[in-house]
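Asks: Next comes the sequence, and after it the predicted model I'd like to discuss.
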Amino acid sequence: AQKVTQAQTEISVVEKEDVTLDCVYETRDTTYYLFWYKQPPSGELVFLIRRNSFDEQNEISGRYSWNFQKSTSSFNFTITASQVVDSAVYFCALSEAGFAGAGNNRKLIWGLGTSLAVNP
Amino acid sequence: DTEVTQTPKHLVMGMTNKKSLKCEQHMGHRAMYWYKQKAKKPPELMFVYSYEKLSINESVPSRFSPECPNSSLLNLHLHALQPEDSALYLCASSQGQTTSYEQYFGPGTRLTVT
């Protein structure tokens, strides 16, 4: 069965600190997709990144970077030089490849989220 | 433009009321979703529409009735709700129902049932 674990429930840092959010997943499929979403206090879920299981290259986007390691089934997210605007709940999610239809289990499997507070 | 809009932003309704939530996207996406999210929890999938047809109903009570009038619009009709239905209702869309596509979410409707 698929599962996503975000062990850190809450993290609090001071502005300009680097912070890493952990995501560990479980799946039996060889083809799957991993996602990170940000949910600020306003409520809207913002898509950050998608990674497919065949692409283990790390990705950097500005202050954000992602480390995908299949050997440890992890897809960790690092914010460099954090800012107050980074304060949000961050969700990691997994989907197994295929068509998400009724009767199959192909849908987004969400972690419980990590609440990040960046203090001035 | 990766925008999904939802109205209203906030809704308070009594248990005997009938109301509707609306969602709109202009990205040409063919799959649209309704999620329910309780505080401090991840979103829970309710319904999926693909090419304007209901594709997935996650055993949602009949007091929630989805409708997809066209490829850009998605409604959620509410009737005889219970206080436990109070939550943030999120609409999302994606290029298709294949799981490789990322979903884009609207800002949500915060629903309070009194």
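Replies: Happy to help now that I have it.

Asks: Contact partners for the residue nearest the centre of chain B?
Replies: Computing the C-alpha centroid of chain B and ranking residues by CA atoms, centre = their mean puts B:Trp34 first, at 2.9 Å. For B:Trp34, the contact set (CB atoms under 8 Å, 6 or more residues apart in numbering or on different chains) comprises B:Cys23, B:Leu45, B:Met46, B:Phe47, B:Pro66, B:Leu74, B:Leu76, B:Tyr89, B:Leu90, B:Cys91. C-betas here are computed from N, CA, C, even on glycine.

Asks: Which ones, among these, also lie beside chain A?
Replies: Applying CB under 8 Å from any CB of the partner chain, the subset of those adjacent to chain A comprises B:Leu45, B:Leu90.

Asks: So of the contacts of B:Trp34, which two are at opposite extremes in space?
Replies: Greatest spatial distance in the contacts of B:Trp34: B:Cys23 and B:Leu45, 14.5 Å, computed using CB to CB.

Asks: and the two? which has more neighbours close in?
Replies: Per other CB atoms under 10 Å in any protein chain shown, whichever of B:Cys23 and B:Leu45 has more neighbours is B:Cys23, with 27 against 18.

Asks: Tell me how far the more buried one lies from A:Lys16.
Replies: 38 Å (CB to CB, to the nearest Å).

Asks: again, but for B:His77
Replies: The gap separating B:His77 from A:Lys16 is 48 Å, by CB to CB.

Asks: Same question for B:Leu78.
Replies: Distance, B:Leu78 to A:Lys16, using CB to CB: 45 Å.

Asks: Which one of the two is surrounded by more residues?
Replies: B:Leu78 (21 against 11).

Asks: so who does the more buried one touch?
Replies: Counting by CB under 8 Å, 6+ apart, B:Leu78 makes contact with B:Met13, B:Asn17, B:Lys18, B:Lys19, B:Ser20, B:Leu21, B:Arg63, B:Phe64, B:Ser65, B:Asp85, B:Leu111.

Asks: How about A:Val19?
Replies: Contacts of A:Val19 (CB under 8 Å, 6+ apart): A:Ile11, A:Val13, A:Thr78, A:Ile79, A:Ser82, A:Leu116, A:Val118.
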